[in-house]
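[1] how does the following fold in three dimensions:
(chains A and B)
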There are 2 protein chains.
Amino acid sequence: MSELLSVDCDSTVFHLVWSDGTHATYPYIWLRDNDPGELHPHTRERLFDLTSVSLDISPESWQQASAHLLVKWHDKSTESIYPLDWLLENRPGKHRADPAVVSLNYWSAADLPAIPRFDARLCRESGSTLVDALQEAKRHGLVIFEGLEDDDQAGENLGELIGFKRRTNFGTTFEVVNKPSPNNLAYTALPLPLHTDLPNQEQVPGYQFLHCLRNSVTGGASVFADGFRICTDLRAQAPDDFDLLSGLQIPWRFHDENDDVRFRRSIIELDSMGDLSGLAFNAHIADVADLPSSQLLDFYQAYQGLMQRIREPQYRICHTLGPGEMVMFDNRRVLHGREGFDPGSGERHLRGFYVEHNEVNSRIRTLAIS
Amino acid sequence: MSELLSVDCDSTVFHLVWSDGTHATYPYIWLRDNDPGELHPHTRERLFDLTSVSLDISPESWQQASAHLLVKWHDKSTESIYPLDWLLENRPGKHRADPAVVSLNYWSAADLPAIPRFDARLCRESGSTLVDALQEAKRHGLVIFEGLEDDDQAGENLGELIGFKRRTNFGTTFEVVNKPSPNNLAYTALPLPLHTDLPNQEQVPGYQFLHCLRNSVTGGASVFADGFRICTDLRAQAPDDFDLLSGLQIPWRFHDENDDVRFRRSIIELDSMGDLSGLAFNAHIADVADLPSSQLLDFYQAYQGLMQRIREPQYRICHTLGPGEMVMFDNRRVLHGREGFDPGSGERHLRGFYVEHNEVNSRIRTLAIS
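    Predicted coordinates:
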């Protein structure tokens, strides 16, 4: 543990220097607002009311104890106690350590010769194995769980260890089988080009799980590609197309007799730092593009170009899921599809569900500290 | 119905002129991609593969029939049939009519002397009454359903007519009662300053419903304020604060023994047009602000200023919910809170749940056309 070497203060801040060379600056108003003693004892939520003090608050007195900085404020009768290790860990400008933040591997087929695989039984028995699997699912956007029990519920049961399922208009789970009157092309025997699910939703589902119950048909291999790798290459090689596809919002829509779910979003989504944060690509439910005519030719040029790029073999990996396997992939990053199959040649049945990024991240954090 | 007066074409587009004065331009590639005949007959999803044609596609021939434009393409053996009313309705540059888009009323207390109220029984019996209620809930961000049956499930049952419930780490429904070991301040008898729920979630819940089962305590009135009105005033009166609060992302966190749900987001969220799209304001679960020290004093100045503004009486409306009432409000726009109450004076029990914007919009659309 690093030791506190010195404490200086001026009219608005403390300056602390640590033995590992860390210098940190703590505004008084920040310290008052984050008094560890003013959290609710059960909920850990902040009880302190920021409007009760002035922005130019400063200590009445302070002292350094062995493992704490003690500060007496004018507006509070007791001293506020700041543990030194808390001050080091939570110093301004430093993001808190988070096991759910992993380095990402944007892959093409050559970089990911095999989809990372994890034994379902080991994941059930060991929190650390499950954390490994979930961190790898974040890193590559794609993992397979293998060795699931011979039980239709085995995939859902493993999913319950990770987080609860996100319900959509297709239900909490959905059965990917060939249906007589489908409301979605997934429920046919047609080939499905690479796509992401549900760009028509305000909140696009995070991780998709597909548990293979039966697969004895001719054809029907699953296909995956890393959309973030494709977008990264697009950004380098055709920056105008990238800018257009990340800047223009287009309409997406699913409708049947019960639902009419529409949303406008760009195909490529960037975060506030300009980094990739989402890919929405599903030609089947792209609604009629209502951009002004003057933009449409540029849009189609960029859109068709991305579509062609997505189909390049260099990005594509295939795997025929067998019973006892469940694939988990990031639906806002990794494109999925399947080869067509002969519905008369056997049975093909996958059970799907979604778990949000949120829940996966929370599970990584709670398992990583236990 | 407007009539088609003329059709002209050049190398890339059709120009159509209608009797109501509408001029519209249809790029050929757009027409080919949106051929109404190349949608799956059941799913209505697009089957046409855009990569199968060249961007500079043009008609082999075309003709105007009474109610259709017929186009023969080189790559397709049969004519594509575009209904004229479809072409008018879906012309480029025109957003599709959408009953879920309503004009918004950003209110202060003087503008909304009473919360709009709808009879629950009428909403159950009449789709058009329910649509009215949901559109008003969008317009003002807040409505009350009254006259619910004397049944603990009555609120959930009405909710089912609107959409399914969004599950969170607090469950699919949550009971707002005073609990001995709460994991959330809502589950105490403390006053709750105005706030929005769950800014720590990647996807913040859309509408919140609170069904009053029992309320016989002294105190405990519900309080509401329109965050978008407050932000609009902030933008006009303190634009630097507005820019800072919409530009800086800060961490939010809820954690207990089962969950550790964190997300970074700005307090004020803008859409791509710079319009207000969300407000996230909950001091209780604002995590330790990890901005650089040099930004913290500006941040606290803007943040405390917003907090003071939110508490101004001009924005605040109060209503003591009684049994048989359920409030519905937009959790990404309208702040809610409550006055403290004396837990020994009686019982207070609200049952809460969330339904996403998505589902509410879908229900408005399906009810509005039926």
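
[2] what parts of the stretch 1-150 of chain A come near chain B?
    Counting by Cβ under 8 Å from any Cβ of the partner chain, the positions of the stretch 1-150 of chain A adjacent to chain B are A:12-13, A:24-27, A:29-30, A:33-34, A:40, A:42-47, A:49-51, A:55, A:90, A:92-96, A:98, A:100. Heads up, the C-betas are built off the backbone N, CA and C, glycines and all.

[3] let's see that with 6 Å instead.
    Applying Cβ under 6 Å from any Cβ of the partner chain, we find that the stretch 1-150 of chain A lies next to chain B at A:25, A:27, A:29-30, A:34, A:42-43, A:45-46, A:50-51, A:55, A:90, A:92-93, A:95.

[4] quick one: which of these sit in strands?
    Among those, the members found in strands (DSSP state E) are A:25, A:27.

[5] what subset of the residues of the stretch 1-150 of chain A next to chain B is buried?
    Listed as buried from these are A:25, A:27, A:29-30, A:34, A:42-43, A:45-46, A:50, A:90, A:92; burial here means 16 or more other Cβ atoms under 10 Å in any protein chain shown.

[6] in CSV: those, plus pLDDT.
    What follows is those, written out as CSV (pLDDT from 0 to 100):
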residue, pLDDT
A:Thr25, 97
A:Pro27, 98
A:Ile29, 97
A:Trp30, 98
A:Asn34, 97
A:His42, 81
A:Thr43, 78
A:Glu45, 88
A:Arg46, 92
A:Leu50, 96
A:Asn90, 96
A:Pro92, 97
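
[7] how about the residues you listed, which pair is most distant?
    Spatial extent of those (Cβ to Cβ) is set by the pair A:Thr25 and A:His42 at 32.3 Å.

[8] next, the distance between the ends of stretch A:31-41.
    19 Å (Cα to Cα, to the nearest Å).

[9] low-confidence ranges, the stretch 251-370 of chain A, go.
    For the stretch 251-370 of chain A, applying pLDDT under 70 flags the ranges A:370.

[10] for chain B, what are the nearby residues on the stretch 201-350 of chain A?
    Residues of the stretch 201-350 of chain A lying close to chain B by Cβ under 6 Å from any Cβ are A:201-203, A:259-261, A:283-285, A:288, A:290, A:292-293, A:296-297, A:300-301, A:304, A:307-308.

[11] show me where chain A has its helices.
    Applying DSSP state H to chain A gives helices spanning A:28-33, A:84-89, A:120-125, A:127-140, A:154-162, A:227-237, A:239-247, A:293-310, A:357-369.

[12] tell me the most buried of the ones you listed?
    When you average the neighbours per residue for each of the helices of chain A (mean count of other Cβ atoms under 10 Å in any protein chain shown), helix A:28-33 leads with a mean of 22.

[13] would you format the buried ones among the residues of the stretch 1-150 of chain A next to chain B as a markdown table with distance to A:Leu122 included?
    Shown next, in a markdown table, are these (distance: Cβ to Cβ, whole Å):
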| residue | distance to A:Leu122 |
| --- | --- |
| A:Thr25 | 46 |
| A:Pro27 | 47 |
| A:Ile29 | 49 |
| A:Trp30 | 44 |
| A:Asn34 | 40 |
| A:His42 | 35 |
| A:Thr43 | 35 |
| A:Glu45 | 37 |
| A:Arg46 | 40 |
| A:Leu50 | 47 |
| A:Asn90 | 35 |
| A:Pro92 | 41 |
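
[14] and A:Ala186, what is it in contact with?
    Listed by Cβ atoms under 6 Å, 6 or more residues apart in numbering or on different chains, the contact set of A:Ala186 reads A:Val176.

[15] any idea of the pLDDT on it?
    pLDDT for A:Ala186: 75.

[16] before we move on, what about the one 3 residues further on?
    In the predicted model, A:Ala189 carries a pLDDT score of 79.

[17] what sits against it?
    Shown here is A:Ala189, whose contacts under the criterion Cβ under 6 Å, 6+ apart are A:178, A:341, A:343.

[18] can I get those residues in TSV including neighbour count?
    Formatted as TSV, these follow (neighbours: other Cβ atoms under 10 Å in any protein chain shown):
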residue	neighbour count
A:Asn178	18
A:Phe341	20
A:Pro343	16
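
[19] between those residues, which is nearest B:Pro116?
    Taking the contacts of A:Ala189 together and measuring to B:Pro116 by Cβ to Cβ, the closest member is A:Asn178, at 47.6 Å.

[20] how about that closest one, phi and psi?
    For A:Asn178, the backbone dihedrals are phi -80, psi 120 (criterion: degrees, to the nearest 10).

[21] separation between A:Asn361 and B:Asp20?
    53 Å (Cβ to Cβ, to the nearest Å).

[22] contacts only, for A:Gly229.
    For residue A:229 the amino acid is Arg, not Gly. A:106-108.

[23] I'd like these written out as JSON lines, with pLDDT and neighbour count added.
    Output for these, formatted as JSON lines (pLDDT from 0 to 100; neighbours: other Cβ atoms under 10 Å in any protein chain shown):
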{"residue": "A:Tyr106", "pLDDT": "98", "neighbour count": "18"}
{"residue": "A:Trp107", "pLDDT": "98", "neighbour count": "21"}
{"residue": "A:Ser108", "pLDDT": "97", "neighbour count": "17"}
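
[24] wait, which of those residues is closest to chain B?
    A:Ser108 (19.4 Å; Cβ to the nearest Cβ).

[25] before we move on, back to that, closest to B:Pro313 out of the buried ones among the residues of the stretch 1-150 of chain A next to chain B?
    A:Leu50 (18.9 Å).

[26] what about A:Leu5, how many residues nearby?
    Residues within reach of A:Leu5, counting by other Cβ atoms under 10 Å in any protein chain shown, total 13.

[27] who touches it in this structure?
    Contacts of A:Leu5 by Cβ under 6 Å, 6+ apart are A:17, A:19.

[28] let's see 10 Å
    A:16-23 (Cβ atoms under 10 Å, 6 or more residues apart in numbering or on different chains).

[29] and it, how far is that from chain B?
    Distance of A:Leu5 to chain B, given as Cβ to the nearest Cβ, to the nearest Å: 18 Å.

[30] tell me how far that residue lies from A:Leu39.
    Noted for A:Leu5: a distance of 28 Å to A:Leu39, by Cβ to Cβ.

[31] got it, and A:Met307?
    A:Met307 sits at a distance of 51 Å from A:Leu39 (criterion: Cβ to Cβ).

[32] from the contacts of A:Arg229, which land in strands?
    Reading strands off those, I find no matches (DSSP E).

[33] any chance of those in CSV, plus distance to B:Asn331?
    Formatted as CSV, the contacts of A:Arg229 follow (distance: Cβ to Cβ, whole Å):
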residue, distance to B:Asn331
A:Tyr106, 35
A:Trp107, 38
A:Ser108, 41
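
[34] start to end distance for stretch A:60-71?
    End-to-end span of stretch A:60-71 (Cα to Cα): 8 Å.

[35] so how far is it from its chain's centroid?
    Offset of stretch A:60-71 from its chain centre (Cα atoms, centre = their mean, to the nearest Å): 41 Å.
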